[in-house]
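**Student:** this is the structure alone, sequence omitted:
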């Protein structure tokens, strides 16, 4: 998910610069490139990760007693990777044009739906961990739908362009941001493999602490993202 987010962040730098420069033809190409290539990557990555989910969980030494639940959750979440990409793409595109509030509203709506879905699928239907994963995927899909409908009605400039020529440049900007975000998670995964040998209670504690850690670093990370978008817009406009 952070790999996808990083790639979208890289693409948003290009889109911000093109918007600032008023180069709407190139912006249209950039939108097409990012959306089409990102969808292809997400579908391929989703299929791959579903196939290797069980070996991955064994590699990080997930205990046998939680393996069925972990496997079910992971595979369902991987099915939703496409929705994760589309939301990140649309949100970053809106931010590239200076609208940071609308993606936030859709994300809040998605979070509320996720909580309600958890209560329905887990507490009412009794679907357990799989129910929680289903709720997450459905809430992500809803945020994609909200963003897409808003863009279609309010921001025609962001509708899919007709040309697709700038994939190499998109990757060159996106891979650095993507790798930066992924490296932290690789380290956490290595630590998780050690934690998983200590039993289910230690695993749960480690996961809970990581949620708190997320609150600590995500605000700083997104301040950096906002600066990047703002600087790219001004650079494109020639207002150094």
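**Tutor:** Perfect, I can see it now. Just so it is clear, the model here is predicted, and its values are computed rather than measured.
**Student:** low-confidence ranges in this protein?
**Tutor:** 159-168 (pLDDT under 70).
**Student:** which stretches in it count as helices?
**Tutor:** Secondary structure of the chain by DSSP state H: the helices cover 2-21, 24-59, 67-79, 81-96, 101-118, 128-154, 167-195, 200-236.
**Student:** can I get these in CSV with mean neighbour count?
**Tutor:** In this view, the C-beta of every residue, glycine as well, is placed from N, C-alpha and C. CSV is the format used below for the helices of the chain (neighbours: other Cβ atoms under 10 Å):
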stretch, mean neighbour count
helix 2-21, 24
helix 24-59, 16
helix 67-79, 18
helix 81-96, 24
helix 101-118, 16
helix 128-154, 19
helix 167-195, 15
helix 200-236, 13
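**Student:** pretty sure residue 19 sits against residue 25.
**Tutor:** No - if you go by Cβ atoms under 8 Å, residue 19 and residue 25 don't touch, sitting 11.9 Å apart.
**Student:** need the residues touching each of these two.
**Tutor:** Contact criterion Cβ atoms under 8 Å, 6 or more residues apart in numbering; residues shared by residue 19 and residue 25: none found.
**Student:** what does residue 237 show for phi and psi?
**Tutor:** For residue 237, the backbone dihedrals are phi -80, psi 0 (criterion: degrees, to the nearest 10).
**Student:** leaving out sequence neighbours, find the closest residue to it.
**Tutor:** residue 20 (3.9 Å; Cβ to Cβ, 6 or more residues apart in numbering).
**Student:** wait, isn't the one you found in contact with residue 230?
**Tutor:** No - under the criterion of Cβ under 8 Å, residue 20 makes no contact with residue 230, lying 9.6 Å away.
**Student:** residue 49 and residue 75, how far apart?
**Tutor:** Residue 49 is 8 Å from residue 75, where distance means Cβ to Cβ, to the nearest Å.
**Student:** sorry, that was for residue 28
**Tutor:** Distance from residue 28 to residue 75, counting by Cβ to Cβ: 36 Å.
**Student:** mind listing what residue 83 touches?
**Tutor:** Going by Cβ under 8 Å, 6+ apart, residue 83 touches 137, 140, 141, 143, 144.
**Student:** can you tell me how far residue 137 is from residue 91?
**Tutor:** Distance from residue 137 to residue 91, counting by Cβ to Cβ: 17 Å.
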